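In: here is my input, please return the structure:
(2 chains)
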Amino acid sequence: MADFDTPDISVPIEIPTLDRGAMHHSSPFPAAPDHQEALGFPGELVDDWQSKAINKLGELLGKSRALQVYMDSCVKCGACTDKCHYFLGSSDPKNMPVARQDLLRKVYRRYFTFAGKHFPWLVGAEDLTREVLDDWYTYFHQCSQCRRCSVYCPYGIDTAEVSMAAREIMDHIGKGQKYCNEIIGKVHKIGNNLGLPEAALIDTLEGLEEDIEEETGVKVRLPVNEKGADILLVTPSADFFAEPHVDGLIGYAKVFHQAGVSWTVSSYASEAANFAMFIGSYEQMQKIAERIRKAAEDLGVKRIIFGECGHAWRVAYNFMNTLAGPFDFLDSNYPVPQHICEFTNDLIEKGELTLDKSKNDHMTLTFHDSCNVSRGSRMGDKPGGQFTIPRAIIKACCNNFHDMAADAINENTFCCGGGGGLLTDDLLELRTKGAAPRMQALKEVVDEHGVTHMAAICAICKSQFSKVMPKYGFDMDNVVSVHQLVSNAIVLDGQTANENAAVE
Amino acid sequence: MAYECNGATVEADEEGYIIDISAWNPELAVLIAESENIEMGDDAWEVVNFLRSYYEEYQIAPAVRVLTKAIKKKLGADKGNSKYLYELFPYGPAKQACKIAGLPKPTGCI
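Out: Residues are numbered from 1 along each chain as shown, chains lettered A, B, ... in the order given. Below you'll find the model as predicted:
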């Protein structure tokens, strides 16, 4: 990979001077034929790709009224232009949301509108050439589908939907992305994004049980495939594998233990993340969601709880019922599905957890709202619960908390820079530049309020920050899981006094 | 891409992970490590050897905690932690050490 400069965050990020083509070189590795074919897509670019792509666009316009409206309704007001973290970090004007949409919109106009068919030069309509297709591949893989731009668009045009449609079209003509498609294939084959087989999952969780007992003196279980358990925990497989994710998983286990509920993970549905959303494929999204339903039925659980994973929660909260429902076999006294933060916060509100905040006194926290939770879902039974509940948990576990600037949190949150199927090493330059606005907002609270750590509730965010924060002068372990803070603070019944060394 | 090792050509993917994991040998590991600017000292070999034996049993690289615990047992508490593993493999013990060990790249939200 070519060397690149990390953006300077010592001064506030303003609208950058345009640098045309600055990110034209940044494209992810293409999917290999076997990655494509495993999902039912053509192995490589088909001969009649142009007509196939146009037909697919027509099909999507027919299926999605929203896409049709997004193609028609942009008035070029410019409100979105400086809202994309990739534009702010890279200065490439094609990363302005309107310009990204126009890559598809100009083709739509050429083939689906009267003016575009007859007077293309008047309405910015263009033929779908190889050059345009290559631009699609490049720049629709520079959108993390975070939907920040749509918050500011007066028409509510959702660039995420446009980029999902473009990726769906490209998959159908044999131009897929390796990172997403290889991973989706692994979920179908093994049950999770990592390709972590059942025996390895069991071995890993047994190791965690030993660690917790060593730390607290309490036997806390992390069961796999336990039939008759009340709760099925569906969590990103990164929680089993990576740091700081695993510290969050330990937190969930301690909370379940202290609540006295029976729970299990499933090796068949050992993945919360649903990468099919990133590629806009309803069929693939449904296949992945159905694994969760099957696991819940086979294990006979009464409830499904999702771990800390941003877009998993969007898919679960919004689409799970239509994808794989009805879930009438679950206990209707509880939300279907429920978020681990809702579960923990309920216990906190009822006073059922003993939390020793001083165990997190070595840290001053801030909270990074993950895009898909903030702008694509909700938690609890009140508007804005997805913002207040995670913060309520942090504040119940920590004495020191300070929010970042208002234009960088809640529904205005900045993407971590690695969402939407872009968390891959071949896009590291894009990821680094796209993280600049978040890093800037973090630096402000670090400098002014002594913040030392940023908590998150998304596996992608956590991995992305661990990777790019050192480039901005922070440590990789300055990002923590929200349930890691719970894990540090929670006092388990029978816990050996003063033995729980806090995990930083 | 490909590596030339002992007169043989070993095919690798775009990122340098070898395609046929049975084509791995210690000389190739040193060669891959060189291309990553990693010097294969004894501790680095401990990690690579553990990854290979774990993979043989479980068909996946070990989780970071599993790896740090194993290294702690072998090399002591001061080395059985992520910080030390990142010193050995600055691009991450999971990804970079797997590449040198001739194993597939772990994928997902990691």
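
In: what does chain B have sitting close to chain A?
Out: Contacts of chain B with chain A, taken as Cβ under 8 Å from any Cβ of the partner chain, map to B:14-15, B:57-60, B:62-66, B:69, B:82, B:86, B:92, B:94-95, B:104, B:106-110. (Glycine included, C-beta is placed from N, CA and C.)

In: give me the neighbour count for the residue in chain B that chain A sits nearest to.
Out: Closest approach between chain B and chain A, counting by Cβ to the nearest Cβ: B:G108, at 3.2 Å. Counted with other Cβ atoms under 10 Å in any protein chain shown, the neighbours of B:G108 add up to 27.

In: and if you look at A:E214?
Out: Neighbour number of A:E214 under other Cβ under 10 Å is 10.

In: elements contacting the helix or strand it falls within?
Out: Assigned by DSSP states H and E, A:E214 belongs to helix A:198-216. Judged by 3 or more Cβ pairs under 8 Å, 6 or more residues apart in numbering or on different chains; DSSP states H and E, helix A:198-216 is in contact with helix A:238-241, helix A:245-259, helix B:42-58, helix B:64-75.

In: is chain B within reach of the shortest one?
Out: This points to helix A:238-241. Yes - using Cβ under 8 Å from any Cβ, helix A:238-241 comes into contact with chain B via A:238, A:240-241.

In: most centrally placed residue in chain B?
Out: Using Cα atoms, centre = their mean, the residue of chain B that lies closest to the mean C-alpha position is B:A97, 2.4 Å off.

In: what residues are up against residue 43?
Out: Going with chain A. For A:G43, the contacting residues are A:33-34, A:36-37, A:174, by Cβ atoms under 8 Å, 6 or more residues apart in numbering or on different chains.

In: wrong chain, I was asking about chain B
Out: Shown in contact with B:D43 (Cβ under 8 Å, 6+ apart): B:75, B:79, B:88.

In: what about the residues you listed, which one has the most neighbours?
Out: Going by other Cβ under 10 Å, B:L88 tops the contacts of B:D43 with 21 neighbours.

In: closest one to chain B out of the contacts of A:G43, please.
Out: The closest of the contacts of A:G43, once distances to chain B are taken by Cβ to the nearest Cβ, is A:D34, at 11.5 Å.

In: A:V11 is nearest to which of the helices and strands packed on helix A:198-216?
Out: Closest approach to A:V11 among the helices and strands packed on helix A:198-216 (Cβ to Cβ): helix A:245-259, 32.9 Å.

In: three-state assignment of the residue lying closest to A:V234 once chain neighbours are set aside?
Out: Spatially, and ignoring its direct neighbours in sequence, A:V234 is nearest to A:A272 (4.7 Å; Cβ to Cβ, 6 or more residues apart in numbering or on different chains). Three-state call for A:A272 (DSSP: H, G, I helix; E, B strand; the rest coil): coil.

In: ok, now how distant is A:A272 from A:I173?
Out: Using Cβ to Cβ, to the nearest Å, we find A:A272 at a distance of 30 Å from A:I173.

In: more neighbours: which of those two?
Out: Each of A:A272 and A:I173 has its neighbours counted (other Cβ under 10 Å); A:A272 has more, 30 against 23.
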